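Visitor: need coordinates for the below:
(chains A and B)
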Amino acid sequence: MQVRTRFAPSPTGFLHLGGLRSALYGYLFARKNQGSFILRIEDTDQERYVEGATQVIYDTLRDCGMNWDEGPDVGGAFGPYIQSERKDLYLPYARQLVESGHAYYCFCTREELEERRQAAEARGEVFKYDKHCLHLSREEVQQKLDAGMPWVIRQNAPTEGETSYHDEVFGDMTFPNDSLDDMVLIKQDGMPTYNFANVIDDHLMGITHVMRGMEYLSSTPKYNLLYQAFGWEIPAYIHMPPVMRDEHHKLSKRDGDAYYSDFIAKGYLSEAIINYLALVGWNPGTDQEFFTMDELIDAFDVHRINKAPGIFDVNKLTWFNAEYIRRLPPEKYLETVTPWFDRVLAGKGIHYPRLAELMQDRTEIFSQVPDMVAFLGKLPDYSADLYTHKKMKTNPAIALASLEMIRPVLEGISDWSETVIHDTVMAAIADAGLKNGAVLWPLRIAISGQASTPGGAIEIAWLLGKEETLRRLDTGLEMLRSVN
RNA sequence: GGCCCCGUGGUCAAGAGGCCUAAGACAUCGCCCUUUCACGGCGGUAACUCGGGUUCGAAUCCCGACGGGGUCACCA
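Guide: Next comes the predicted model:
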């Protein structure tokens, strides 16, 4: 059997990481089985529709390396792939169900329903539609229709017995039928509800494996009843637990920090995001942690999807990101980091390739880069306390002596290259009978103005250039003379 | 509240009756390397929710409690 899965987001905003993971698992499963991955846009709720959201979905998926075989923009034999464009297709199916007694017209207004709902709540009961309109005769229905009364079509669900189905990750599920409500199939505006459109579309599009969040676990019996009423084959179900923000809340669109685009803006690599996301709720059963998309496809197995929700851990994502950055070819790293350098170093004449070499192993997220290299563009204000470091055996007094010793040495260097600076400085330190740290620490502090820097004194001196190095050294000397 | 699902360290998780004195990873702590920081290396702290069963033997099976999540819309 040709496997066909689908990702069916509603265009209500940016794609958050939970949604991205659903897409990923669907994509992985389809590819793993040489099947097709279909993209369908579920925009039946005009009130929540957000302009441009569909494009964001396309861009995000492509960015992450997930290509769909059929979809709104690429076409396919089962289109259209945008639900609103399929609008007219659903009503006939609903009517068919009305004819066969599996559904019925309902003329109850929202207000009436609301009253009954509140009355039920007042009695401490759960409101369930009472099939009020089921008993209308054919004539009465026609009369109301002719009179132009607003209507909806509801499913006629059984009230006794139970319905079972099998889920690939949760196993066998059974629900008592009396918990099934007569859900609305066609809304008053003529649009199908998600519940209905979803069944019709999945069938029409030949979806063999329905993959979706586990929040649909309990409404699946109602969908199965629909499939049966039509005499259609019920698809295989793969329900997935949610990705949580913390123990109590799942990642949602209301949490701005969960958007894929935000992570990209902060300097996370899409490969790292995908790799990490794949591992929240699923594992390969081995110790392998790093996966390319192809390796993910190869290792993926829906039976290894966990049933319990997984909490999204930015820490681990950040670690993955740092690892991916370290593994980047140097040229690629340089290219990616350049705009981040530019934010604070544009026009400063800093040698980016060398800086990039120094920075690559220290970059966890690109957005941290500007703060880490800003000192090269402008010497920050710093305190003389920085000259004190126990392990380096230095303090302001020692630092003053060290810097006074090293300044003329640096000034005397004509070939300002790292090796020459290194050899000259180290030789001078040895000649003076000093410890490396007693000179190198103060030097680095004087020219960088901060306790930790990417690279040591020599590298920074080279990056800064002779002139700027001496200028900063003088500033440091001045400060030290005033405090000593 | 009814119904459904789930419950191994702070987090992701391996584990499908004896191999568990419970892997691995992130985080955290310590040491080493080192001209700082980072990288890297080594080591440490830290978990089977609880209570009953079943069994020679249970993290693994059963029941209950507790905890968490979901669902009960003309939203998807």
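Visitor: longest helix in chain A, by number of residues?
Guide: helix A:466-483 (DSSP state H).
Visitor: list the buried residues in that one.
Guide: A:466, A:468-470, A:472-473, A:476-477, A:479-480 (16 or more other C-beta atoms under 10 Å). C-beta coordinates here come from the backbone N, C-alpha and C atoms, glycine included.
Visitor: render the CA-only coordinates of that helix in PDB, please.
Guide: What follows is helix A:466-483, C-alpha atoms only, in PDB (Å, rounded to 0.1, in the frame of the first residue of the first chain):
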ATOM      1  CA  LYS A 466      49.700  47.700  16.600                       C
ATOM      2  CA  GLU A 467      48.400  51.300  16.800                       C
ATOM      3  CA  GLU A 468      45.200  50.500  18.600                       C
ATOM      4  CA  THR A 469      46.900  48.000  20.900                       C
ATOM      5  CA  LEU A 470      49.400  50.600  22.000                       C
ATOM      6  CA  ARG A 471      46.700  53.100  22.500                       C
ATOM      7  CA  ARG A 472      44.700  50.800  24.700                       C
ATOM      8  CA  LEU A 473      47.800  49.900  26.600                       C
ATOM      9  CA  ASP A 474      48.400  53.500  27.400                       C
ATOM     10  CA  THR A 475      44.900  53.900  28.700                       C
ATOM     11  CA  GLY A 476      45.500  50.900  30.900                       C
ATOM     12  CA  LEU A 477      48.900  52.300  32.100                       C
ATOM     13  CA  GLU A 478      47.300  55.600  32.900                       C
ATOM     14  CA  MET A 479      44.600  53.900  35.000                       C
ATOM     15  CA  LEU A 480      47.100  51.700  36.800                       C
ATOM     16  CA  ARG A 481      49.300  54.600  37.700                       C
ATOM     17  CA  SER A 482      46.400  56.400  39.200                       C
ATOM     18  CA  VAL A 483      45.300  53.500  41.400                       C
END
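Visitor: so what touches it?
Guide: Helix A:466-483 has contacts (C-beta atoms under 8 Å, 6 or more residues apart in numbering) with A:379, A:384, A:387, A:396, A:399-400, A:403-404, A:406-407, A:410-411, A:413, A:416, A:442-443, A:445-447, A:449, A:461, A:464.
Visitor: can I have the buried ones of those residues as a PyMOL selection?
Guide: The buried residues among the contacts of helix A:466-483 can be selected in PyMOL (16+ other C-beta under 10 Å) with this line:
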select buried, chain A and resi 379+384+387+396+399+400+403+406+407+410+413+442+443+445+446+447+449+461+464
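Visitor: next SSE downstream of the helix or strand where residue A:437 lies?
Guide: Element membership for residue A:437, per DSSP states H and E: helix A:436-448. Once the chain leaves helix A:436-448, the next helix or strand it forms, by DSSP H and E, is helix A:457-464.
Visitor: which secondary structure elements does that following helix sit against?
Guide: helix A:352-360, helix A:369-377, helix A:418-431, helix A:436-448 (3 or more C-beta pairs under 8 Å, 6 or more residues apart in numbering; DSSP states H and E).
Visitor: between that helix and helix A:369-377, how big is the angle?
Guide: 80 degrees (axes from the mean of the first three to the mean of the last three C-alpha atoms, to 10 degrees).
Visitor: ok, and for helix A:457-464, which residues are buried?
Guide: Buried-residue list, helix A:457-464, by 16+ other C-beta under 10 Å: A:457-464.
Visitor: what about RNA strand B: which of the residues you listed touch it?
Guide: A:457-459 (C-beta under 7 Å from any atom of the strand).
Visitor: thought residue A:251 was touching residue A:16, still the case?
Guide: Yes - taking C-beta atoms under 8 Å as the definition, residue A:16 is a contact partner of residue A:251 at 5.6 Å.
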